[in-house]
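Student: Sequence unavailable; structure follows:
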């Protein structure tokens, strides 16, 4: 059973005045600790989060884009429309979820359910949309209902993941980049209509051309797209190098030995729903992907969701995942502040 008292490590506590009778506590993780970087807790469950964010904008924005993740806890709960208001506060320009990689349900304007996969399926670490030429800088998660058991959203600091990956692997990916091959079919996973949120093939083709995506129609309902993207980028605020890609997430071996074998037997290497290669098209060795997965796992940070929690994540500094769970679980997500790969390129792997 889940523990309602989340294991958060408060190593440094600071009180921030909101009004003469209302305060919040800000808890910082110790350097190197496997706990949430920043937790901002209200001592009054009627305190409106949107009001607090407005009053203390410079504080939480600085912490978000340097520490990488901020959890807000103990504030008043809110409806779907109010979630949109909070999203508009934390993101300059909230984004639609396009060029999708997972099924989601739209809740309100630019607010969605987290991935609608069955509860027994774990979702590996990833930075949202890092396989695209542009991506959201800020993610917002809202816990409407925590799972009865498990269902956490682990996060991992991509600066530390980068440091853990052996230098030869980093240099190889920096030089060769990552190639993504995705196949969309009515019989497995997402259709091209789901992915692009479009019904017209010409519109899809125009989108692909603008985003440097090669496309091939295999028949009337099946589409293959390929793109080559950077593997390592530089974070704009901290100037840190970050491991930022879907190389491990989309690699078939990450699905586990049994499922990956079944998919390869059924589809063959060329028709997998998702697969990654080096940018020159050569296969990425399974042992290399295993090493990369190990770097993510070594930096895993977990916490128990409480109802009403809001988690802000700098999408370049932290990846996120999902544990399996039992019982009902409702997490809503929004994203915003579009970033472009060409603005964060890395000339050298020197820090």
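Tutor: Looks like it came in fine. Note that the structure is a prediction, hence the values are computed from the model and not measured.
Student: wait, isn't residue 251 in contact with residue 289?
Tutor: Yes: applying CB atoms under 8 Å, one finds residue 251 in contact with residue 289, separated by 4.8 Å. Using the backbone N, CA and C atoms, a C-beta is placed for each residue, glycine as well.
Student: Who has more neighbours out of these two?
Tutor: More crowded of residue 251 and residue 289, by other CB atoms under 10 Å: residue 251, with 25 against 19.
Student: So which residues of the chain form helices?
Tutor: For the chain, the helices defined by DSSP state H cover 49-55, 57-67, 80-90, 158-164, 167-176, 192-196, 201-210, 257-267, 286-298.
Student: Of all those, which one is nearest residue 229?
Tutor: Closest approach to residue 229 among the helices of the chain (CB to CB): helix 167-176, 10.5 Å.
Student: mind listing what's buried in the closest one?
Tutor: Within helix 167-176, the residues that count as buried by 16 or more other CB atoms under 10 Å are 169-170, 173-174, 176.
Student: between these, which is nearest residue 69?
Tutor: Among these, and counting by CB to CB, the member closest to residue 69 is residue 170, at 23.3 Å.
Student: Tell me how far that closest one lies from residue 163.
Tutor: The gap separating residue 170 from residue 163 is 10 Å, by CB to CB, to the nearest Å.
Student: repeat for residue 96
Tutor: 34 Å.
Student: quick revisit: want to try TSV for the helices of the chain, with distance to residue 125 and mean pLDDT as columns?
Tutor: Compiled in TSV, those are given as follows (distance: least, CB to CB, whole Å; pLDDT from 0 to 100):
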stretch	distance to residue 125	mean pLDDT
helix 49-55	27	95
helix 57-67	18	95
helix 80-90	22	91
helix 158-164	8	98
helix 167-176	16	98
helix 192-196	21	96
helix 201-210	27	97
helix 257-267	17	94
helix 286-298	4	98
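Student: For these, give me TSV that also has distance to residue 305.
Tutor: Putting the helices of the chain into TSV (distance: least, CB to CB, whole Å) gives the following:
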stretch	distance to residue 305
helix 49-55	16
helix 57-67	19
helix 80-90	15
helix 158-164	22
helix 167-176	33
helix 192-196	27
helix 201-210	35
helix 257-267	27
helix 286-298	20
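Student: Identify whichever of those helices lies nearest to residue 119.
Tutor: Of all these, helix 257-267 sits nearest to residue 119, with 16.7 Å by CB to CB.
Student: how about that closest one: buried residues?
Tutor: 260, 263, 267.
Student: What angle do helix 286-298 and that helix make with each other?
Tutor: Put simply, helix 257-267 runs at 130 degrees to helix 286-298, going by axes from the mean of the first three to the mean of the last three CA atoms, to 10 degrees.
Student: residues in contact with helix 257-267?
Tutor: Contact with helix 257-267 is made by 183, 188, 252-255, 272-273, as judged by CB atoms under 8 Å, 6 or more residues apart in numbering.
Student: swap in stretch 306-313?
Tutor: With contacts defined as CB under 8 Å, 6+ apart, stretch 306-313 is touched by 4, 6, 45, 49, 60, 64, 68-77, 86, 90, 138-146, 153, 155, 320.
Student: 7 Å instead, please
Tutor: The contact list for stretch 306-313 (CB atoms under 7 Å, 6 or more residues apart in numbering) reads 4, 6, 49, 64, 69-73, 75, 77, 86, 90, 138-143, 145-146, 155, 320.
Student: again, but for stretch 242-251
Tutor: For stretch 242-251, contacts defined as CB under 7 Å, 6+ apart pick out 124, 126-127, 130-131, 158-159, 161-162, 165, 178, 180, 229, 231-233, 235, 254, 274-276, 284, 289, 292-293, 316-317.
Student: This completes my enquiry, with thanks.
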